[in-house]
Structures are given as structure tokens and as C-alpha cells.
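Undergrad: I would like to see how this sequence folds:
(one chain, ligands or ions: 1)
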Amino acid sequence: MNNLNNQKNQFIILAVLLLVIGIANYFNYYAPAKPTEKIFSFSSLSQKEQKELLDGKNRNISDEDNSSSEADELSLSGNKLESDSYSVSDNYINYAIDSNGKLVKWNKKKITVFVSDSEYKDSIYGALSKYNEVFKDYFKFYTTSKRDNADIVIDVVEHFDSNDNKDSIYMAGLTNNSFSSDDKYLSKSFIKILSKKPNSNVKVTPSEVYNVAIHELGHAIGIIGHSPKNTDVMYASSNVKTFSSRDIATIKILYSNDQALINRETKNYAETKLKEAELYAKHSPNKAISWVNLGRVYYDLGKKDEALDAYKKALELENNNPLIYQSMGECYYTSKKYDSAIKYYQYAVNYTKNNEERVPLLNMLGMCEAKRDNYNNAYIYFKQAYYFDKDNEKMLNNYLVACVETNKKEEVIAAIEDYKSRHPNIVEKSFIKDVMNWAK
Ligand SMILES: [Zn+2]
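TA: Model (predicted):
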């Protein structure tokens with residue numbers, strides 16, 4: 001009897017731990033995407049600039065596939081700021097920070113880039129080459145023919161996919177970054193550049209593609225936001241062809257190893273992010289995404305009431321967008337208002353079109369119910385989440401905890417057997433062993 005009680009206590013601790021892990025996982029994996037796609041307009045280079053750019057004589061980019069590893073070694077002493085060559089104070093590093101208040105960059109000096117075939121390949125190489133010229137002490141781009149292994153993939157497309165971005169009518173380029181599991185570094189970046197002007201059949205010129213590539217590559221190396229100044233490459237609708245001193249300072253701070261400098265330069269970031277988001281909302285008050293972004297910033301600043309107000313404004317504009325309901329659910333969940341959180345997560349589930357996207361929402365519904373000690377309901381949600389994503393170990397774990405809490409021994413064994421058929425190593429995990437022992 002005593003043993004059984006101990007075991008039960010162990011499982012309660014385990015369950016709490018798993019719920020915490022579940023939350024952490026949710027936020028890591030399912031927090032609304034960090035937007036790097038923003039409004040960007042076309043512009044053109046002069047004929048002379050275009051010629052200089054495209055003649056390729058000063059091309060400063062090597063092919064990774066043909067280079068020896070020795071040749072790829074870069075100076076590791078390079079990450080010092082030469083503060084005499086430009087003003088460190090004049091930068092927009094606060095705008096480079098993501099909505100969670102972090103700077104994210106590549107954790108390596110050699111960054112491989114796959115550029116898909118198109119008539120614009122030389123323009124894109126020109127942009128890569130420009131980065132290599134200016135930032136050679138910090139990182140260097142190498143082209144590669146291996147798309148799957150490349151750090152950055154650049155495609156030229158006629159139009160964006162419908163699910164790329166709802167506001168894409170004004171955009172000429174789009175960057176989507178992925179991050180390492182600890183969220184500290186970039187792990188992959190996809191850039192899409194339009195070959196036709198938005199809403200028309202007019203082809204863009206190579207020099208326009210060069211402009212877009214320079215800007216999107218800035219996102220791909222970790223500048224998540226936009227500069228507020230129209231003389232910078234990272235201005236949202238930039239016409240700038242060369243890096244300003246502010247662009248250079250910002251990227252050098254981002255890639256600096258001097259943490260004291262980074263801390264000093266970013267200490268007012270929260271204010272900056274808020275100002276930026278407020279400006280977007282003021283500029284485009286009829287776009288739900290403006291208010292979603294503003295809500296996100298408030299949420300990250302811990303201002304949940306203000307966040308909810310912003311999300312409600314977004315809902316008035318778009319009442320069938322699951323992201324808004326999900327964001328509101330998140331506000332209520334972290335405020336421990338589980339009844340409200342459940343209501344909004346349920347809306348989000350209802351407006352979500354495919355089962356894969358329902359998984360994190362069902363998981364959160366399970367979490368809410370578990371928080372309310374309502375394990376019978378939690379079991380239903382966790383089970384659904386697992387059945388929509390049967391290769392997701394964390395969904396399996398939450399489902400198993402719910403089975404333990406509701407005393408479903410046969411189901412535990414069946415679920416583990418099922419998962420094991422696809423992932424034999426699962427039985428090595430101590431949690432799985434414990435649950436199996438409990439069920440037997
Ligand atoms: Zn941009």
C-alpha cells in the first residue's frame with residue numbers, strides 16, 4: 001500500500017513536470033511566428049550602378065562545394081568593433097530584436113547559401129558578395145549546390161503562397177527564419193523574392209532583385225525588425241542600395257562578441273519595440289495583423305490587459321483568425337484564468353483548418369483542464385492532440401500522464417506499443433519505463 005502511494009506521488013510530480021515541459025515546448029514551438037516579412041517596395045538602381053553590380057568582377061563569394069576547409073577558415077579575432085570608423089551610438093539594434101526581446105544570429109562564421117536557378121541569380125550573388133565585402137570579419141556567405149544542407153535558401157518566385165502572408169500584396173520579398181531548439185541561434189532561413197511586381201505582370205529588373213536580396217538577407221542574418229530611417233537598407237520599404245553607417249553598426253553589434261556592448265545598446269529595446277508596434281497599428285489600423293503584433297509586444301512586456309485590448313481590436317477586423325484567439329488564450333492561460341483560456345482556445349480550434357495546426361491548441365486545452373484538475377477533460381484533449389500528431393513524443397507523454405491520472409492502464413500499454421512500432425527507442429526513456437511499470 002505504501003509502495004503504491006509512493007508511486008502515485010511520483011506520478012503526480014512527474015505529471016507536474018511534464019505539464020511544465022509541455023508549456024515550455026508549446027512556447028518554443030508554437031508561439032506566433034516571429035515576423036520577418038514586412039512591407040517592402042521596389043526601387044531601381046541607376047544603369048551605371050546596375051552595370052557595376054552585375055559585371056561580377058569584384059565578386060566576393062566562393063562556392064562552398066569547391067572550397068577546401070582551410071580556405072574557409074575565417075579570422076576568429078574579427079568580432080571587435082572598430083568604433084573609430086563609425087558611430088556605435090547611431091544604430092537601430094533595438095529594432096533588430098525579436099518580440100521576445102532577444103537578438104538571434106548565426107552561431108558560425110561560414111554561412112552556406114543555396115540560390116535556385118533563375119535569370120536573377122547574378123543579382124542575388126551580387127548581394128551576397130556585398131555582405132562578404134562589408135562584414136568579412138564577422139561572417140561570410142558561401143554558395144552551395146545542396147539545397148537541403150544550406151543555411152539560407154533563396155528562391156525567386158512569381159508569387160507567394162497563399163499561406164505565406166495575408167498582407168503580401170505590397171511585398172517584394174519574404175524571409176522565414178527557423179531557430180535552434182534553445183531559440184538562441186538561427187538554424188535555417190528561407191528567402192523568397194518576387195520576379196513580378198505585386199498585382200501585375202511586369203517583371204522586376206535584376207537591380208530590383210538585388211535591392212530586395214540585400215534587405216531580405218538582413219532578416220536572414222538576424223535583423224528581425226526594420227529600421228525606422230529610410231536611408232537604411234533595413235527600412236521597411238527601402239530604396240537603399242548600399243549599407244548606411246547605421247546598417248553597418250547594427251550588424252556589427254549583432255555579431256559582436258562584446259556582451260557588455262550589446263547589453264548597453266539594447267537596454268531600451270522594450271520601449272522601441274512598443275513604439276514600433278504602435279506606429280504600425282497607427283499606420284495600418286485596418287489590418288488585424290497590426291493589432292496582433294501590438295498585442296504580442298504588450299504580452300511580452302507583461303502587460304496582459306493592454307495585450308487583450310489590442311487582440312480584441314484585431315478580432316473586430318478579423319473574427320475568424322485562429323491566431324488571434326490563440327494569442328488571447330495564451331494571455332488568459334498565463335494569467336491563470338483557465339475558464340477564459342479554454343473558451344478562446346476552443347474558438348481557435350474551431351477556426352483552424354487542418355488537424356496539424358490543431359495539435360498545439362488541443363494540447364493547450366489539455367493543459368488548461370489539467371490546471372483545473374479536470375483530468376477527464378484533459379485526457380480527451382491530450383488524446384486528440386496525440387492522434388493528430390502520432391510522432392510527437394511530447395504529445396505522447398501528455399497523453400500518457402492523462403491516462404495515468406484517469407487510471408487507463410490498458411490504453412497506456414496500447415499507446416506505447418503503437419508509438420514503439422514507429423520509434424523503437426522510446427522504451428529506453430525512463431519516463432516510459434515508469435509508466436509501463438505502473439500499467440503492468
Ligand atoms: Zn523587411
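Undergrad: now Lys313: closest residue in space that isn't a chain neighbour?
TA: Spatially, and ignoring its direct neighbours in sequence, Lys313 is nearest to Trp291 (4.4 Å; CB to CB, 6 or more residues apart in numbering). Bear in mind the C-beta positions are built from the backbone N, C-alpha and C, glycine included.
Undergrad: Ile97 now?
TA: Using CB to CB, 6+ apart and skipping the chain neighbours, the partner closest in space to Ile97 is Tyr269 (4.9 Å).
Undergrad: quick one: the one you found and Asp98 touch, right?
TA: No - between Tyr269 and Asp98 there is no contact under CB atoms under 8 Å: 9.9 Å.
Undergrad: hang on, the earlier thing: for the residue nearest to Ile97, what are its contacts?
TA: Asn94, Ile97, Gly101 (CB atoms under 8 Å, 6 or more residues apart in numbering).
Undergrad: tell me the buried residues within these.
TA: Neighbour counting over the contacts of Tyr269 (16 or more other CB atoms under 10 Å) leaves Asn94, Ile97 as the buried ones.
Undergrad: need the contacts of Tyr269 in JSON lines with secondary structure, can you?
TA: Shown next, in JSON lines, are the contacts of Tyr269 (DSSP: H, G, I helix; E, B strand; the rest coil):
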{"residue": "Asn94", "secondary structure": "helix"}
{"residue": "Ile97", "secondary structure": "coil"}
{"residue": "Gly101", "secondary structure": "coil"}
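Undergrad: domain parsing for the chain?
TA: 2-32+271-439, 47-267 (automatic domain parsing).
Undergrad: give the helix, strand or coil label for Gly225.
TA: coil.
Undergrad: tell me the contacts of the nearest residue to Asn376 once chain neighbours are set aside?
TA: Distances taken as CB to CB, 6+ apart put Thr406 closest to Asn376, at 5.9 Å, once the chain neighbours are dropped. By CB under 8 Å, 6+ apart, Thr406 lies in contact with Tyr375, Asn376, Tyr379.
Undergrad: write the PyMOL selection for whichever of these are buried.
TA: Remark: buried members of these, expressed as a PyMOL selection using 16+ other CB under 10 Å:
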select buried, resi 375+379
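Undergrad: in the contacts of Thr406, which has the lowest confidence score?
TA: In this model, the minimum pLDDT among those belongs to Tyr375 (93).
Undergrad: and the closest residue to it other than its chain neighbours, how far from Ser200?
TA: In space, Tyr375 comes closest to Glu405 once its chain neighbours are excluded; the distance is 4.0 Å by CB to CB, 6+ apart. With distances taken as CB to CB, to the nearest Å, Glu405 is found 58 Å from Ser200.
Undergrad: low-confidence stretches in this protein?
TA: Within the chain, the stretches with pLDDT under 70 are 1-61, 64-89, 99-100, 162-170.
Undergrad: fine by me, we can end here.
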